[in-house]
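generate a structure from the sequence data that follows.
(one chain, ligands or ions: 1)
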Amino acid sequence: MVTAQSLYPALAPYGFESTGNICYGSWRNYAVSVLPAQYSIFQLSFAVRADKQDKTLAKSLRDELRQQLGKNLSTVLNLGNAIQFAYRFDNKSPQEQQFVRAADAIAATLSAHGLNPASTCAVCGGGTPESLCVLKTYQPVHAACMRQQVETVREQAQENKENGSYLTGLVGALLGALVGSILPIALIIGANTISAFLFALVPLAAMFGYRKFKGKSDKVSIVIVVLVSLLFVAVIDFVYLAYLFQQHFDANFIQGLSLAFQNLGRLDYWFDTSALIGDILKSFLFMGLGILISWGYLGRTSSAQVQTAANQLGTLRPNPMFAQDYGQAYSQDYGQDDSAAASQPRQSFYWNGQNNMR
Ligand SMILES: [Zn+2]
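You can find the predicted model right below:
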């Protein structure tokens, strides 16, 4: 199996670098990023500016490339600001040779379709993006635009730290969880069923409410959201129980609630508790699953966002298309004391070891 650990170092001689699980560099002036997908398959993204609505583009690129690269090329996706090619590496020839062959074929095919290397900034859309930077894919950008983005994130984090409140956040989380609970409760009453997977929505809705109500965005926010979610899942389970009593005694819903409350300690007298306990366990299990699935969103605290933005800035490199403009941008935007840029060795701002800077 071909892994990132073996592939990425093999691309280093071509000026490719890696951070986390992404590898990035420039190929025939295309900003290219490489991401592992599965079983030796990697997503090769080439930065272009394509019409995202064009449904036939990806298919015709795929058909043409398959004639050259065979079945190793699978899915092709049009992301609008990049075209993504799923390519399977094998162990029949050196990995860098396979990459060169694939990347050359892709670059030539893109160019034949009039999809030249992107020459507008992925952030502001303006011309002469003198730098490249890892966003979701590797993209031409203005160093100043990236700088501005990081500054905005920092300011928002600072603002949240000073003015964010656990109390308003808690209110928001409760309201959010309430909205998130409507669907599971509607299903209990409408369809006489408890749908465990819907409980995965509760923590997501709670965090959404927390953020909307200017909750202070730090690690405490995660604790608050988890506690609110636990509370709501317990409430929904209780409503389910009340509904069961209501059905059992042919009572109204208020009486059902009252009966459920009075009989909480001796449910086994009325129901098959093994099925009931199974349902309740499932509801909490799926809530936990919801937390895991949406962790990328729940864990996006202010400081995590600042860190992500600073990491992005660390991948800023000269765009070989506009290399002569890079020195200027560097001196303008990365004065002596910038922590993120200054921590990069200056050598890394040279392209492929060639000094293109003024
Ligand atoms: Zn820009």
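
so how far is stretch 229-241 from its chain's centroid?
The chain centroid and the centroid of stretch 229-241 are separated by 30 Å, computed with Cα atoms, centre = their mean, to the nearest Å.

please point out which parts of it sit buried.
Residues 229-230, 232-233, 236-237, 239-241 are the ones in stretch 229-241 that count as buried (16 or more other Cβ atoms under 10 Å). The way it works is simple: take the backbone N, C-alpha and C, and place the C-beta from them, glycine included.

kindly reformat those residues as TSV containing pLDDT.
Formatted as TSV, the buried residues of stretch 229-241 follow (pLDDT from 0 to 100):
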residue	pLDDT
229	93
230	93
232	92
233	90
236	88
237	88
239	88
240	86
241	88
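
closest to the ion among those residues?
Of all these, the ion sits closest to residue 229, with 39.7 Å by Cβ to the ion.

in a helix, the closest one, correct?
Yes - under DSSP: H, G, I helix; E, B strand; the rest coil, residue 229 falls within a helix.

name the nearest residue to it, ignoring sequence neighbours.
For residue 229, ignoring the flanking residues on the chain, the nearest one in space by Cβ to Cβ, 6 or more residues apart in numbering is residue 203 at 4.2 Å.

count the residues that sit near the one you found.
32 (other Cβ atoms under 10 Å).

secondary structure class of it, three-state.
Under three-state DSSP, residue 203 comes out as helix.

what's the answer for residue 90, then?
Reduced to three states by three-state DSSP, residue 90 is coil.

that one and residue 72 touch, don't they?
Yes - if you go by Cβ atoms under 8 Å, residue 90 and residue 72 touch, sitting 7.0 Å apart.

intersection of neighbour lists for the two?
Listed as contacting both residue 90 and residue 72 by Cβ atoms under 8 Å, 6 or more residues apart in numbering are residue 98.

between the two, tell me which one has more neighbours.
Taking neighbours as other Cβ under 10 Å, residue 90 and residue 72 compare with residue 72 leading, 18 against 11.

so how far is residue 159 from that one?
Residue 72 sits at a distance of 49 Å from residue 159 (criterion: Cβ to Cβ, to the nearest Å).
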